[in-house]
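1. Fold the following, please.
(chains A and B)
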Amino acid sequence: MDKVDSRTLLKKGAEASLFLANWHGRKVIIKARFPKKYRPAELDEKIRGYRTAHEPQLMHEAKKAGVPTPTIFLVDLKDAMITMEFVEGKQVKQVLPHASQKERQDLCVKIGELIGKLHKHGVIHGDLTTSNMILDGEGKIFLVDFGLGEKNKELEARGVDLHLMKRALQSTHYEMAAECFKHVQKGYTAVLGAEDAEKVFGKIHEIERRGRYVDERKQA
Amino acid sequence: MKKSACCLGVESTADDFGVGIATFQGEILANASSGYIPEEGGIHPREAARHHAEVADKVLSEALSKAEVKPRDLALIAFSQGPGLGPCLRTGATVARALASYLDVPLVGVNHSVAHIEIGKLETDAVDPVTLYVSGGNTLVSAFDSGRYRVFGETLDIALGNCLDVFARAAGLKHKRGMPLGAALEQLAANGEKLVPLPYVVKGMDISLSGLLTAATTLLHRGEHKLEDLCYSLQEHAFSMVTEVTERALAHTEKKEVLLTGGVAANRRLQSMLNSIAEEHDAKFNVVPLQFATDNGAMIAWTGVLAYTHGLVTPVEKSFVKLRWRLEKVDVPWIK
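-> Numbering: from 1, shown residues only, chains lettered A, B, ... in the order given. Next up, the predicted model:
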């Protein structure tokens, strides 16, 4: 990777490492999917290659749907690296616990709208967590980390996507999860329309019941 | 020498009936069990419960004599209250209620999933780990936060042990005493050489294994691949998926320990994969010892001690079993 003057590790994630770098005088993020020693090399290359190729495409689709995502500058399939715009801001994960109730609700409605726009356009994010949402100085929310996403308009895929959002809220923001998700649903409904949104919410319920040890699950 | 106070724990959520005895200081004095082995197919809940009722007195006596404890010396009775199979749970609960009433000691209902984590912590150095709990009935990634074990990821359909067992049975492998199906599969997989492409489904921190099982079984019936290669490929795909989500939880929580627990924890290949991600994140890898990996009474006894010494008891009239008692619904006041 030429023209990178310096590079500092921002976050060592599970799926990829994020570096902050200076690229042609620009502040960029380099997302590198390093080989995982635990899985067989053939499987590892397949997974990393697929996700690296797919992620920028989905981010592009998201933009078309009106959802802010970082601009992609370079995709290096050989080394499974993506160079993209660095978005100045804070993770929603960090903002949410300190926000007032009103701010929190507005934020969640906005998140719901973004997910609605994605789904309406046939994009599934695949890993909706509050760590994958960046709030910039102007109150705009950027969605990042589309590595597990896909192009899909099916109800099932939409349901799982929103279900993951709900689960992420429950595990990370448990004391406010119910209220937050209610407002996510509100924003989602505003974009998708009540009829389609309700179908997706019904699907979430079905997915939850499919899970293990769920109270409402029907006795066989 | 005067023995310290003891708790007797009864485990009966699925195919194993176990009785363990633990001191209030966390010493395991006995861990007796008897497993129900179906003639064919998976666990039939009614048949498993019948087995538990038949062996209960034998397993109880075995545990008491191993621990050199008289029933009158027991200070507490704990039992696995859920989640699990109804008929099996009820059999264990009946035994526990009878003992507690007869001996006139407190009864405490324990969550089976919590017990798997607690025995792992007791028997290893782990204090505050990210836990991967994998068994025939459960596949989840959990870590403690604010009073409860939170579930970060889990299977969206079948459990890992279930996936491996069903495939093993389809391949004609037989469950023998001392040699669970998973172990037979692991042996075959060790001789596999070719990685056959199979579905790899990670959704956020959750995974889905049912498509993988269907694909592997279809290939098995088609007979184009060596069984060893299929076992190897199934394990590699399934284990990579659970390892990936465990690594995600580790990166997310930034905890410094990984704990592998539950019946599938016995698998060496899975152990090595988890060890690899622990190293990657400067975390310490811990795996529960084999005798406490599968369902056992000792883990129930020990978790009973933790609960009771933190003010929890279960009156007999509230000791009904909870078939779908999720891990994250349980308060664990003994963790600060």
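2. is stretch B:112-132 up against chain A anywhere?
-> No. Judged by Cβ under 8 Å from any Cβ of the partner chain, stretch B:112-132 stays clear of chain A, getting no closer than 8.6 Å. For glycine as for every other residue, the C-beta is placed from the backbone atoms N, C-alpha and C.
3. now that stretch: mean pLDDT?
-> On average, the pLDDT along stretch B:112-132 is 97.
4. With stretch A:192-209 instead?
-> 93.
5. What segments of the stretch 1-150 of chain B are strands?
-> For the stretch 1-150 of chain B, strands defined by DSSP state E, counting those that start in this stretch occupy the ranges B:6-11, B:16-23, B:28-35, B:74-82, B:107-111, B:130-134, B:139-145, B:148-154.
6. Alpha carbons only: can I get the fourth one in CSV?
-> Yep, that's strand B:74-82 we're talking about. In CSV, the C-alpha atoms belonging to strand B:74-82 read as follows (Å, rounded to 0.1, in the frame of the first residue of the first chain):
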residue,chain,number,x,y,z
LEU,B,74,-26.6,-32.0,53.9
ALA,B,75,-27.4,-28.3,54.4
LEU,B,76,-28.9,-27.6,51.1
ILE,B,77,-30.5,-29.3,48.1
ALA,B,78,-30.2,-27.7,44.6
PHE,B,79,-31.7,-28.8,41.4
SER,B,80,-31.7,-27.9,37.7
GLN,B,81,-34.9,-26.0,37.3
GLY,B,82,-34.5,-25.4,33.6
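7. and that strand, what does it pack onto?
-> Strand B:74-82 is packed against strand B:6-11, helix B:86-103, strand B:107-111, helix B:112-123, helix B:297-308, with contacts defined by 3 or more Cβ pairs under 8 Å, 6 or more residues apart in numbering or on different chains; DSSP states H and E.
8. Hmm, residue B:89 is touching residue B:96, no?
-> No. Using Cβ atoms under 8 Å, residue B:89 makes no contact with residue B:96, being 10.4 Å away.
9. quick revisit: redo the strands of the stretch 1-150 of chain B as CSV? Include distance to residue A:139 and mean neighbour count.
-> Output for those, formatted as CSV (distance: least, Cβ to Cβ, whole Å; neighbours: other Cβ atoms under 10 Å in any protein chain shown):
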stretch, distance to residue A:139, mean neighbour count
strand B:6-11, 53, 30
strand B:16-23, 55, 28
strand B:28-35, 56, 21
strand B:74-82, 46, 26
strand B:107-111, 43, 26
strand B:130-134, 34, 30
strand B:139-145, 29, 25
strand B:148-154, 29, 23
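10. Comparing the ones you listed, which yields the minimum mean pLDDT?
-> Averaging pLDDT over each of the strands of the stretch 1-150 of chain B puts strand B:148-154 lowest, since it has a mean of 92.
11. before we move on, the earlier item: for the helices and strands packed on strand B:74-82, which one sits closest to residue A:18?
-> Nearest to residue A:18 among the helices and strands packed on strand B:74-82 is helix B:112-123; the distance by Cβ to Cβ comes to 30.9 Å.
12. Who are the contact partners of the residue lying closest to residue B:216 once chain neighbours are set aside?
-> Excluding the flanking residues, the one nearest residue B:216 by Cβ to Cβ, 6 or more residues apart in numbering or on different chains is residue B:234, at 4.7 Å. By Cβ atoms under 8 Å, 6 or more residues apart in numbering or on different chains, the contact list for residue B:234 reads B:163-164, B:167, B:185, B:189, B:198, B:212-213, B:216.
13. among those, who's most crowded?
-> Highest neighbour count within the contacts of residue B:234: residue B:164, with 30 neighbours (other Cβ atoms under 10 Å in any protein chain shown).
14. now that residue: how far from residue B:242?
-> Here the criterion is Cβ to Cβ, to the nearest Å. By it, residue B:164 lies 11 Å from residue B:242.
15. which residues sit against the top strand by length along chain A?
-> Determined from DSSP state E, the single longest strand within chain A is strand A:4-12. Applying Cβ under 8 Å, 6+ apart, the contact partners of strand A:4-12 are A:17-23, A:29-30, B:251, B:281.
16. of all the residues you listed, which comes closest to residue B:124?
-> Closest to residue B:124 out of the contacts of strand A:4-12 is residue B:281 (17.5 Å), distances taken as Cβ to Cβ.
17. Just the ones of the contacts of residue B:234 in helices?
-> B:163-164, B:167, B:185, B:189, B:212-213, B:216 (DSSP state H).
18. ok, so of these, who is nearest residue A:130?
-> Distances from residue A:130 to those, taken by Cβ to Cβ, are shortest for residue B:212, at 29.4 Å.
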